[in-house]
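Student: next comes the sequence, and after it the predicted model I'd like to discuss.
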Amino acid sequence: MSDATYPFIPYQPMRFSEEETLERAAAYQQFMQRRRSVRDFSARAVPREVIEQLIITSASAPSGAHKQPWTFCVVSDPLLKKQIREAAEKEERDSYSGRMTPEWLEDLAPLGTDWRKPFLETAPYLIVVFRKAYDYTPDGTKRNNYYVAESVGIACGFLIAAIHQAGLVTLTHTPSPMNFLSRLLQRPDNERPFLLLPVGYPEVGAKVPDLSRKPLEQVSVWYEQKPAH
Ligand code: IYR
């Protein structure tokens, strides 16, 4: 570790009044409530530039030691989408008919999922997010990454929010095991598949399960200073 100091620049704060802050927090909350995991995709095209912007947003996520330990593989080639679908359905078929426990299948029943994944071909884009356990420096030595799952998970959260903000839909698909993605996308040994997100427009008349979200009281515990009396 050298004792050189590293450059710092002024932070450019967003400045809002208290009233505006609450309005913005509430408006964003309501906007995010409309996000749903959608499985019925339209084949309607999405411009490449849109996907580029979504990925730049996702890659702005914080990461352990700012290592940015992610790669976004963007698949629009119909032949490759077909190969991904076939490989995913092969794994999913085995999962749904034996690998998943009865309890797991019972928990999934309200979502109406099964081994069939037509969205892997219908959606105009598949974004396959890879996590990088380590990186290589230009001279080929390994450099460690930190909190990789947390970092890539946060980036995927940013990506999902950006997709919703653009008026598009996605779902988090996790075929298991996922190593066929490393093979089909020819990824190097330091990358592991993390999440697969189809991106596109919803099919006209798309339906989603009638679910509700846990209210604030059920998901939060508050530790506040007691009022003096
Ligand atoms: N990976 C499977 C099963 C699945 C598992 C969970 I947990 C879900 O919330 C949804 C599906 C699939 O993609 O169908």
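Tutor: Good, I have the coordinates. Residues are numbered from 1 along each chain as shown.
Student: just how off-centre is stretch 36-48 within its chain?
Tutor: 15 Å (Cα atoms, centre = their mean, to the nearest Å).
Student: let's verify the most centrally placed residue in the chain: helix, strand, or coil?
Tutor: For the chain, the residue sitting closest to the mean C-alpha position, by Cα atoms, centre = their mean, is C156 at 2.9 Å. Put simply, C156 is helix when judged by DSSP: H, G, I helix; E, B strand; the rest coil.
Student: wait, it sits on H173?
Tutor: No - applying Cβ atoms under 8 Å, one finds C156 not in contact with H173, separated by 11.6 Å. Yep, even glycine has a C-beta here, placed from its N, CA and C like the rest.
Student: hey, what's in contact with both of those two?
Tutor: By Cβ atoms under 8 Å, 6 or more residues apart in numbering, C156 and H173 have these common neighbours: L195, L197.
Student: not counting sequence-adjacent ones, nearest residue to A65?
Tutor: Spatial nearest neighbour of A65, excluding adjacent residues (Cβ to Cβ, 6 or more residues apart in numbering): Y146 at 5.1 Å.
Student: beta partners for the closest residue to L171 other than its chain neighbours?
Tutor: Take L171 and drop its neighbours on the chain: the residue closest to it by Cβ to Cβ, 6+ apart is S37, 4.0 Å away. S37 has the following beta-bridge partners by DSSP bridges: T170.
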